[in-house]
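[1] kindly generate the corresponding structure for this input.
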Amino acid sequence: MLEIGLGCDMNYEPGASVALWKKLFPKADLWEAEYNATCVELSTKQGKLDGFNVLVGDQGNNETLDEWIKKSEGGFDVIIDDGGHQNCQIMASFIKLWPTVKPGGLYFIEDLSVGKWKGYKEYSTASCSKKFVFSHKLQEWVDDLVYQGLYGSNKWDVHFMFCQAEACVLGKKPPESQANKFVKTELLAEEGFFVDTAGSLKPVTDKITTHSYHTMYGQYLLPYYQSKPNMKMLEIGLGCDMNYEPGASVALWKKLFPKADLWEAEYNATCVELSTKQGKLDGFNVLVGDQGNNETLDEWIKKSEGGFDVIIDDGGHQNCQIMASFIKLWPTVKPGGLYFIEDLSVGKWKGYKEYSTASCSKKFVFSHKLQEWVDDLVYQGLYGSNKWDVHFMFCQAEACVLGKKPLEIKP
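    As a prediction, this is how the structure comes out:
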């Protein structure tokens, strides 16, 4: 693991984080990089850097970064950028160091909230001007994840991006593996459990075949259920227009969450009626109607009484439908709850830009809202952003999940 930034400019003595990493990760191969050579020398004499390999220099300088890579031999599992926080420094480090991260590794970037402060826009390089703001790159990466190389986006080896207040972490795509019939990459334990459970049912949901939603469901939904097995969950979209029979996901939810209070919403009333007769919706409370219609959404909230722990939008996928549902249903999510949105990759398809409402035009693209929310998280109400009850946003290929802020614990 490499951390950039010893904390030599903090209002307390440097070395707080290195002490933490030594305590947390006693068996790890730890590296620390710092610009201030005098501070490094003093910290070394004080024993603060015992157990660390040390790199010195400017993280925005390509020659310095090349020296760091040569000395360390790269191959990092984790990189943490808590360095100079200048936009061009962050970018220069990422360009050079991301390739040294192992498949499945993590790259953390802290203190992004200073990116639009005047004092943090004074550093430039030959390839990076003072006008550059790193959070704009984060917004580009949302599109890269959602559209996977289409519509001017780029397809590269990023697996996910998680953003919270003032900071983000990127995960690199995991190594390939032949261990699983459906997914050809290494899986975390709960991702594998999700895939195995889905794969045991017929038909097999496209959540693990056409798509890779086992990532977000394995990392967020399964742990949520384990901590709260009586959770109340709403899925929008029974799958009535799939090329296999509807109900693949409801069968999966029943299998995974036997103690949960399950709700299913679907536009196609005829399909709901048939699926009910076939027993596919046994154990589910059912809502019917257009998820883009405010009156329908109000009826759903009234009938269900809200208070959802989890909402999954796998419905009509029209941009304005997704937005209308989010505006109405996000307030019904409990503190600490989760709101998943699937199949965002169709947001710029012509056929998915034909739906509008009184407050949402056909020109609206939901992924632009996701980009706004990156700024909301990073800047927390400053620089034209909004401060609201979103706790984090995790985006992967074609989908995202938002977490609501947990309840405050009062002393």
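[2] what about the helices in this structure?
    All helices of the chain, identified by DSSP state H, fall at 16-24, 37-45, 62-72, 87-97, 134-147, 189-199, 214-216, 222-227, 248-256, 269-277, 294-304, 319-329, 366-379.
[3] return the most buried member of those.
    Ranked by mean neighbour count, those are led by helix 214-216 with a mean of 26 (mean count of other CB atoms under 10 Å). (Each C-beta comes from the backbone N, C-alpha and C, glycine too.)
[4] helices or strands next to that helix in the packing?
    Secondary-structure packing of helix 214-216 (3 or more CB pairs under 8 Å, 6 or more residues apart in numbering; DSSP states H and E): strand 158-164, helix 189-199, strand 390-396, strand 399-404.
[5] wait, which of those is closest to M231?
    strand 399-404 (13.3 Å; CB to CB).
[6] what does that closest one contact?
    146, 211, 213, 216, 220, 330, 333-344, 370, 373, 389-394 (CB atoms under 8 Å, 6 or more residues apart in numbering).
[7] in that strand, what's buried?
    Buried residues in strand 399-404, defined by neighbour count with 16 or more other CB atoms under 10 Å: 399-404.
[8] repeat that for stretch 282-295.
    Buried residues in stretch 282-295 (16+ other CB under 10 Å): 284, 286-288, 290-293.
[9] residue furthest from the geometric center of this protein?
    The C-alpha centroid of the chain is most remote from K45, which lies 40.7 Å away (CA atoms, centre = their mean).
[10] so what touches stretch 322-332?
    234, 236, 291-294, 297-298, 300-301, 304, 306-308, 311, 313, 315, 339, 341, 357, 360, 364, 366, 369, 402, 404.
[11] the same query, at a cut-off of 7 Å, please.
    The set of residues external to stretch 322-332 that reach it, using CB atoms under 7 Å, 6 or more residues apart in numbering, is 236, 291-292, 294, 297, 301, 306-308, 311, 313, 339, 341, 357, 360, 364, 366, 369.
[12] what distance separates that stretch from the centre of its chain?
    19 Å (CA atoms, centre = their mean, to the nearest Å).
[13] hang on, the earlier thing: quick one: the buried residues of stretch 282-295 as JSON lines, columns for distance to G60 too.
    Listed next are those as JSON lines, based on distance: CB to CB, whole Å:
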{"residue": "F284", "distance to G60": "55"}
{"residue": "V286", "distance to G60": "57"}
{"residue": "L287", "distance to G60": "53"}
{"residue": "V288", "distance to G60": "57"}
{"residue": "D290", "distance to G60": "51"}
{"residue": "Q291", "distance to G60": "47"}
{"residue": "G292", "distance to G60": "47"}
{"residue": "N293", "distance to G60": "51"}
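[14] quick one: which of those residues sit in strands?
    Within the buried residues of stretch 282-295, residues falling in strands by DSSP state E are 284, 286-288.
[15] can you list the weak-confidence ranges in this structure?
    Along the chain, no part satisfies pLDDT under 70.
[16] what's the spacing between the nearest residue to L2 once chain neighbours are set aside and P335?
    Nearest residue to L2 in three dimensions, chain neighbours excluded: W31, at 4.2 Å (CB to CB, 6 or more residues apart in numbering). Using CB to CB, to the nearest Å, we find W31 at a distance of 38 Å from P335.
[17] the two: which has the busier surroundings?
    A count of neighbours by other CB atoms under 10 Å puts W31 above the other of W31 and P335, at 20 against 13.
[18] what's near enough to touch that one?
    Counted by CB under 7 Å, 6+ apart, W31 has contacts 1-2, 52-53, 55, 72.
[19] ok, so of the buried residues of stretch 282-295, who is nearest K102?
    Proximity of the buried residues of stretch 282-295 to K102 (CB to CB) peaks at Q291, which lies at 41.0 Å.
[20] and the closest one, backbone torsions?
    Q291 has phi and psi values of phi -70, psi -10 when expressed as degrees, to the nearest 10.
[21] and the closest residue to N180 other than its chain neighbours, how far is that from W156?
    Distances taken as CB to CB, 6+ apart place V195 nearest to N180, at 6.0 Å, with adjacent residues excluded. From V195 across to W156, the span is 24 Å (CB to CB).
[22] thinking again about what came up before, which of the contacts of W31 lies closest to L274?
    Each of the contacts of W31 was scored against L274 by CB to CB, and M1 proved nearest at 54.4 Å.
[23] the closest one: neighbour count?
    Using other CB under 10 Å, the number of residues around M1 comes to 18.
[24] nearest spatial neighbour of it, chain-adjacent residues omitted?
    Distances taken as CB to CB, 6+ apart place V78 nearest to M1, at 4.2 Å, with adjacent residues excluded.
[25] surely that neighbour and K102 touch.
    No: V78 is not in contact with K102 according to CB atoms under 7 Å; the separation is 9.2 Å.
[26] out of these two, which sits in the busier spot?
    Taking other CB under 10 Å, V78 and K102 do not tie; V78 has more neighbours (19 against 14).
[27] beta partners for that one?
    Following DSSP bridges, V78 is listed with bridge partners L106.
[28] which residue comes closest to W21 once chain neighbours are left out?
    W21 sits nearest to L30 (CB to CB, 6+ apart), 5.8 Å away.
[29] what is the neighbour count of that neighbour?
    Using other CB under 10 Å, L30 has 19 neighbouring residues.
[30] I'd like to know how far K173 sits from E13.
    39 Å.
[31] so if I had to pick from these two, which one is more boxed in?
    Between K173 and E13, K173 has the larger neighbour count (other CB under 10 Å), namely 16 against 13.
[32] tell me the contacts of the more buried one?
    103, 157, 159, 185.
[33] for it, phi and psi?
    The phi/psi pair for K173 (degrees, to the nearest 10) is phi -50, psi 140.
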